[in-house]
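**Student:** next one to model:
(one chain, ligands or ions: 1)
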Amino acid sequence: MFQHVIVRRPCRAMVDGITSDPGLGKPNYELALRQHDAYIAALERCGVDVTVLPADERYPDSCFVEDPAVIAGPCAIITNPGAPSRNGEKDEILGAVRKFFPEERIEHIRAPGTLEGGDVMMVGTHFYVGRSARTNAEGIRQFRAILAKYGLTGSEVPLEKVLHLKTGVNYLENNNLLVSGEFVDKPDFAAYNRIVIPEEEAYAANCIWVNGTVIVPAGYPAVERAVREAGYPVLLVDTSEFRKLDGGLSCLSLRF
Ligand code: CIR
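**Tutor:** Predicted coordinates:
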């Protein structure tokens with residue numbers, strides 16, 4: 001069960017955030033704020049308390065708080081984001097993390113290691129880590145060493161196409177895994193009950209489980225149906241403006 005969630009308000013500079021698909025257009029800032037409000041409301045309905053950090057105009061992608069930190073059970077790991085324009089976000093998330101974790105349980109990924117939280121998927125005490133353009137071998141080595149200190153385990157999943165691991169695979173608890181694209185047949189995930197997302201709805205593989213409910217992006221009927229059929233109550237949140245920056249539901253919060 002999650003008790004706490006940390007989010008950061010989108011900043012006006014988000015229109016200059018990183019995108020792999022400029023053809024989707026720039027986000028509409030006012031709409032992004034309304035969608036962020038709805039996201040917070042959905043999380044609150046799942047029974048968590050939500051800490052809302054102020055917008056930070058220095059970092060266009062800073063609403064995607066999942067990337068500069070990973071909360072792994074008893075410890076918090078401040079990452080070292082591989083995207084240069086995002087690297088400084090790690091110093092800004094630290095203050096929020098300190099409100100929940102004592103100094104001796106706050107760990108750091110250090111250069112030349114890089115790691116972004118979007119590449120980390122938690123399954124109980126095991127953490128899958130995507131080796132991506134943002135997360136390198138040294139970052140994963142450091143991350144696994146930190147996990148071991150706390151009796152947790154990690155394994156590396158090489159990525160071929162997607163930005164982050166959780167762009168394409170997300171754990172819904174109860175052995176259920178949403179998978180799309182390159183993750184459908186990966187041997188790493190063979191033991192799970194895999195719910196395969198059709199290619200045209202691949203964006204919606206990024207759903208989040210919050211205390212028994214699954215939050216699903218609005219506008220992806222096949223994914224919504226599949227999640228309901230798996231037995232979960234569903235809350236829909238429109239993330240169209242964040243999608244324009246390759247961001248999804250998981251990217252927008254730290255849940256612990
Ligand atoms: C980026 O490219 O870093 C942002 N535009 C999107 C980050 C998405 N975060 C995530 O998947 N955890």
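
**Student:** what does the stretch 1-150 of the chain have sitting close to the ligand?
**Tutor:** Applying Cβ under 6 Å from any ligand atom, we find that the stretch 1-150 of the chain lies next to the ligand at Gly17, Ile18, Asp61, Phe64, Glu66, Asp67, Ala83, Arg86, Gly118. Placement of C-beta: from N, CA and C, glycine included.

**Student:** right, and the third one touches Arg86 too?
**Tutor:** Pointing back at Asp61 there. Yes. When contacts are counted by Cβ atoms under 8 Å, Asp61 is listed as touching Arg86 (5.3 Å).

**Student:** mutual contacts of those two, please.
**Tutor:** Common neighbours of Asp61 and Arg86, using Cβ atoms under 8 Å, 6 or more residues apart in numbering, are Ile18, Asp67.

**Student:** out of the two, which sits in the busier spot?
**Tutor:** Taking other Cβ atoms under 10 Å, Asp61 and Arg86 do not tie; Asp61 has more neighbours (27 against 21).

**Student:** what's the burial count for the closest residue to Arg105 other than its chain neighbours?
**Tutor:** The shortest distance from Arg105 to any non-neighbouring residue, by Cβ to Cβ, 6 or more residues apart in numbering, is to Cys75 (4.6 Å). Cys75 is flanked by 18 other residues according to other Cβ under 10 Å.

**Student:** check Arg131 too.
**Tutor:** Neighbours around Arg131, by other Cβ under 10 Å: 17.

**Student:** and what of Lys161?
**Tutor:** Per other Cβ under 10 Å, the neighbour tally for Lys161 reads 9.

**Student:** what sits against it?
**Tutor:** Counting by Cβ under 8 Å, 6+ apart, Lys161 makes contact with Gly181, Glu182.

**Student:** kindly recompute the last result at 10 Å.
**Tutor:** The neighbourhood of Lys161, defined by Cβ atoms under 10 Å, 6 or more residues apart in numbering, consists of Ser132, Thr167, Gly168, Gly181, Glu182.

**Student:** do I have it right that the residue nearest to Arg105 meets Glu103?
**Tutor:** No. Using Cβ atoms under 10 Å, Cys75 is not in contact with Glu103, being 11.2 Å away.

**Student:** ok, back up a step: drop anything exposed from the contacts of Lys161.
**Tutor:** Among those, the ones that count as buried by 16 or more other Cβ atoms under 10 Å are Ser132, Thr167, Gly168, Gly181, Glu182.

**Student:** so which elements touch the host helix or strand of the second one?
**Tutor:** Assigning secondary structure by DSSP states H and E places Thr167 in helix 165-168. Helix 165-168 is packed against strand 120-123, strand 126-131, strand 153-158, strand 176-179, with contacts defined by 3 or more Cβ pairs under 10 Å, 6 or more residues apart in numbering; DSSP states H and E.

**Student:** next SSE downstream of that helix?
**Tutor:** As assigned by DSSP H and E, the chain's next helix or strand after helix 165-168 is strand 169-171.

**Student:** what about the closest residue to the ligand within the stretch 51-200 of the chain, neighbour count?
**Tutor:** Nearest to the ligand, among the residues of the stretch 51-200 of the chain, is Gly118, at 2.4 Å (Cβ to the nearest ligand atom). By the criterion of other Cβ under 10 Å, Gly118 has 28 neighbours.

**Student:** please read off the pLDDT at it from the model.
**Tutor:** With respect to pLDDT, Gly118 scores 98.

**Student:** ok, it touching Tyr128?
**Tutor:** No. Assessed by Cβ under 10 Å, Gly118 is found out of contact with Tyr128, at 11.9 Å.
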